[in-house]
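Colleague: Here is the input, now give the coordinates:
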Amino acid sequence: MEIKIPEIEAREILLKYDGSNNQLLEWKQKFINIKNFKLTRSQCEYVVKYNNVTPKVARKFVDIVDSFGVKLKESKGLDKTPKKIWIEKLLCESDKAYHIWGKISSTDVDKAMWVPKIGILQEEKKLNRIIDYTTYKDRPPMEHQKVAIEKLLANNKYILADDMGLGKTTSAVIAALESSAKKILIVCPATLKINWKREIAIYSKLKAFIVEGKKWDSDATFIIINYDILKNFHTTENVDDDFQTIINENFDLAIIDEAHYIQNSDAQRTQLLNDVLVTIKNVWLLTGTPITSRPINYYNLLKIVGSPLTLNWASYVRRYCSGYQFRVGNRKVWNTSGSSNLDELREQTKNLVLRRMKTEVLDLPEKTIAPLYLELKSAFYDDELTEFMRITSDKKDKETISVTLNRLMKIRQLIAIEKVNYTCELIDKVIEQGRKVIVFTNFTASLDMIHEKYKKNSVVLDGRMTKDKRQISVDRFQEDPKIKIFISNIKAGGVGITLTAAETVIMNDLSFVPADHSQAEDRAYRYGQKNAVLVYYPIFENTVEIIIYNILQKKKNIIDQVMGDGEYSESFSKELLKGLF
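Modeller: I've put the predicted structure just below:
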């Protein structure tokens, strides 16, 4: 095998070169005109590596980050820090840098220079078409959602990091329908799968399939799968192709909801999903908490959407995580728990991420009601409902409606207890964002379960407490920054108190009295509240609870229900029993 010497090979290439790389043409002329001209070893390697790359004409100014501008000013002896550079051509690129033919100032002449990829601000992409939103007249998107939709459509890979309650799901569904995608993968926590299916059904008749266990439907346009069962349909190991169901489906678009679930690069679900996403052209990440605690958590999300900052992990953690190595025995370990240069990080990523808080969105209603539809899998519930229906149907003497509804108490309590884990997931999300939250329930058992989990940073209010102790709970929640959660019985805490320290309310379970809900919601939505209030209703769709919720919604605006004396009305009760039977 012939061993080629780079210096000789580069000279031979240059003397024959007839391409459009200005750097190579410049060196070629020097070889011809200067007798003893020589290239360095790295220049020779450049010639060998890039002589077959066709340069791309750019002819435009590009924005550069402040830190790179400062370096240029210092190294070139400029009077002021440049904000842009002119790129006539992109000659080629390496993993970490662009080699351009351009100039720094208007008085300069074009020349070849290497520009680090992290030194250039990624260009903001804009949608070049008009969307006809009248198509979605049954539930039109709000103005802030239209901005999100158009951002998603303008970018193949993007992070929608709007605050909780701004309707990221709605924005993503409409954007998906407006895209050219024929096959769409949605990955989300198990508790949100039904919610996604319902949201799709509001805007489209396209088939949406929820993946359960090992069941899959290739005929569906939307495939909805939770993180925990990704391993049933994909592996990073070398196995038979038939197992790689997700990749074999050739998805055009992936929507990853609650994307902070894949911030830990060492987690199995992160590795599985990363492996899948590199095969999908369009990827949209949705999360209300893009940086849950520190910049290292942001790294994997930025890598998925192709940020140049992630080309070198060590550089990222040194620059933005105050990263450093230290020895543990015979090995070196990285500390990446810090944070640094956060303004630069925000500037560098601003065109890859849309992040807005509720307080910034002018078209958001002052109080937003957000149902979250769940599926209950419980043999206990099925048995209890069957027994209730048997007893009620077999009753010879017709009992009063109130007696029949009281028989439902055990079923409602079971639902409330089953709901606790889902409610705690919501609580955790709110706390992660540094906010306070109010939780209402009808039952002592569910109240105690939630309080037990959050004993150190919560207070309770229920009928077992004296008036003075109730006030102490209210005051601590309002005034103590360490107290994040107010847990209350809906009857005891749903009226007469002010809890404006919170802007999120969670209804763990439902009352039979419609007025109870409006009153409880408004503990946060009162005079002194400076922010929009978000009220979550987690609802088990396949239970009696969905019947109750639908009736509550239908009667929401009826004055005698909202302003009643606390008793459920005859019409409400009859509708509930009609729905059951």
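
Colleague: What's the local residue count around the closest residue to Lys482 other than its chain neighbours?
Modeller: Of all residues beyond its chain neighbours, the one nearest Lys482 is Asn457 (6.0 Å), with distances taken as Cβ to Cβ, 6 or more residues apart in numbering. C-betas here are computed from N, CA, C, even on glycine. Residues lying near Asn457 (other Cβ atoms under 10 Å) number 13.

Colleague: Would you agree Asn457 is in contact with Pro481?
Modeller: No. With contact taken as Cβ atoms under 8 Å, Asn457 and Pro481 are classed as non-touching, separated by 9.9 Å.

Colleague: and the residue nearest to Lys482, what does it touch?
Modeller: Counting by Cβ atoms under 8 Å, 6 or more residues apart in numbering, Asn457 touches 431, 482-485.

Colleague: so what's Asn489 bridging to?
Modeller: The partner list for Asn489 in beta bridges (DSSP bridges) reads Thr441.

Colleague: so it touches Ser446, yeah?
Modeller: No. Taking Cβ under 8 Å as the definition, Asn489 is not a contact partner of Ser446, at 9.7 Å.

Colleague: got a pLDDT number for the residue nearest to Lys482?
Modeller: Taken from the predicted model, the pLDDT recorded for Asn457 is 94.

Colleague: Tell me how far it lies from Ile450.
Modeller: Distance of Asn457 to Ile450, given as Cβ to Cβ, to the nearest Å: 12 Å.

Colleague: do the same with Gln268
Modeller: Plainly put, Gln268 is 30 Å away from Ile450 if you go by Cβ to Cβ.

Colleague: show me what contacts Phe380?
Modeller: For Phe380, the set of contacting residues under the criterion of Cβ under 8 Å, 6+ apart consists of Leu414.

Colleague: what about it, helix or strand, and which?
Modeller: helix 379-394 (DSSP states H and E).

Colleague: what's the following helix or strand after that helix?
Modeller: Moving toward the C-terminus from helix 379-394, the next helix or strand (DSSP H and E) is helix 401-407.

Colleague: Please confirm that His517 is located within a helix.
Modeller: Yes. Secondary structure of His517, determined by DSSP: H, G, I helix; E, B strand; the rest coil: located in a helix.

Colleague: Surely it touches Ser511?
Modeller: Yes. Between His517 and Ser511 a contact is recorded at 6.4 Å, counting by Cβ under 8 Å.

Colleague: Compute the distance between Pro82 and Ser67, please.
Modeller: With distances taken as Cβ to Cβ, Pro82 is found 12 Å from Ser67.

Colleague: right, and Ile497 touches Val474 too?
Modeller: Yes. Counting by Cβ under 8 Å, Ile497 does reach Val474; the two are 5.2 Å apart.

Colleague: what kind of secondary structure is Ile483 in?
Modeller: Secondary structure of Ile483, per three-state DSSP, is coil.

Colleague: quick one: contacts for it?
Modeller: With contact taken as Cβ under 8 Å, 6+ apart, Ile483 is in contact with 436, 457-459, 476-477.

Colleague: on that earlier part again, name all residues that sit in contact with Ile497 and Val474 at the same time.
Modeller: Leu461.

Colleague: Just the helices from the stretch 101-250 of the chain, written as ranges.
Modeller: Under the criterion DSSP state H, counting those that start in this stretch, helices of the stretch 101-250 of the chain are mapped to 143-154, 168-178, 193-203, 245-248.

Colleague: Ok, which of the ones you listed comes nearest Trp313?
Modeller: Between Trp313 and the helices of the stretch 101-250 of the chain, the tightest spacing by Cβ to Cβ is seen for helix 245-248, at 24.9 Å.

Colleague: Could you give the average pLDDT over that closest one?
Modeller: Per-residue pLDDT values across helix 245-248 average out to 90.

Colleague: Determine the next helix or strand in the C-terminal direction from it.
Modeller: Following helix 245-248 toward the C-terminus (DSSP H and E): strand 253-256.

Colleague: what's the next helix or strand after that next one in contact with?
Modeller: Downstream of strand 253-256, the first helix or strand assigned by DSSP H and E is helix 268-277. The set of residues that contact helix 268-277 without belonging to it, under Cβ under 8 Å, 6+ apart, is 185, 187, 227-228, 230-231, 234-236, 246-247, 254, 256, 261-265, 283, 300, 303-304.

Colleague: tell me, what residue is most central in the chain?
Modeller: Centroid-nearest residue in the chain, with Cα atoms, centre = their mean: Thr287, separated by 1.5 Å.

Colleague: tell me the angle the longest helix belonging to the chain makes with helix 379-394.
Modeller: Taking DSSP state H as the criterion, the chain has its longest helix at helix 409-432. An angle of 140 degrees separates the directions of helix 409-432 and helix 379-394 when computed by axes from the mean of the first three to the mean of the last three Cα atoms, to 10 degrees.

Colleague: Pull out the buried residues from helix 409-432.
Modeller: When neighbours are counted by 16 or more other Cβ atoms under 10 Å, the buried residues of helix 409-432 are found to be 411-420, 422-424, 426-427, 429-431.

Colleague: now the strands: where do they sit in the stretch 51-200 of the chain?
Modeller: With DSSP state E, counting those that start in this stretch, the ranges of strands along the stretch 51-200 of the chain come out as 56-63, 84-93, 97-103, 111-116, 157-160, 184-188.

Colleague: winner for burial among those strands?
Modeller: The highest mean neighbour count among the strands of the stretch 51-200 of the chain, using mean count of other Cβ atoms under 10 Å, belongs to strand 184-188: a mean of 26.
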